[in-house]
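The following block contains a protein sequence and its predicted model.
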Amino acid sequence: MSFRLTLATLILFCMIFIPLLTRADAPLTDNGVTTIHLDEYNGYFSARETLVDLKVGIYDFVITNKADKLVGF
């Protein structure tokens, strides 16, 4: 096999399988309350759970300050 074909195969493999390994968890719902965990950094938030399919309901936001300075949600 040529180097280019091997490289293309490796890139295709990475494009298909790496996103499957790094998927976010679904939010946990207990007694009708869904818990969302957010990490607050300098200028942005990072969610531990996927936020794509959120529906109307009751949510409990757990926010962790990782900015090492006083910030507000």
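Noted; the coordinates are in hand. Numbers count the residues shown, from 1 in each chain.

make it CA atoms for all contacts and neighbour counts henceforth
Fine.

ok, G57 to I16 distance?
Applying Cα to Cα, to the nearest Å, the value for G57 to I16 is 34 Å.

a strand runs through I11, doesn't it?
No. Going by DSSP: H, G, I helix; E, B strand; the rest coil, the assignment for I11 is helix, not a strand.

hey, where'd the helices end up in the protein?
Listed in chain order, the helices of the chain (DSSP state H) span 3-21.

Let me see the confidence value for D60.
Per-residue pLDDT puts D60 at 91.

any idea how far T9 is from it?
In this view, D60 and T9 are 44 Å apart by Cα to Cα.

What of K66?
K66 is 39 Å from T9, where distance means Cα to Cα.

Ok, I16 next?
Distance, I16 to T9, using Cα to Cα: 11 Å.

Repeat that for L51.
According to Cα to Cα, L51 stands 32 Å off from T9.

Equivalent analysis for V56, please.
The gap separating V56 from T9 is 43 Å, by Cα to Cα.

Show me which of these two is the more surrounded one.
T9 (12 against 5; other Cα atoms under 10 Å).

okay, the more buried one: pLDDT?
Looking at T9, its pLDDT is 87.

going forward, begin numbering at 598 instead of 1
Renumbered: residue one is now 598, and that last one reads T606.

Distance of it relative to E637?
Going from T606 to E637 by Cα to Cα gives 38 Å.

do A664 as well
Applying Cα to Cα, the value for A664 to E637 is 6 Å.

More neighbours: those two, which one.
Between A664 and E637, counted using other Cα under 10 Å, the more crowded position is E637 (19 against 13).

the strands in this structure, which residues?
Taking DSSP state E, the strands of the chain run over residues 625-627, 630-638, 641-644, 655-662.

where are the low-confidence patches of the protein?
Flagging of the chain using pLDDT under 70 yields the residue ranges 598, 614-623, 625, 668-670.

so who does I660 touch?
Counting by Cα atoms under 8 Å, 6 or more residues apart in numbering, I660 touches H634, L635, D636, E637, F670.

Now that we have those residues, which of them are buried?
H634, L635, E637 (16 or more other Cα atoms under 10 Å).
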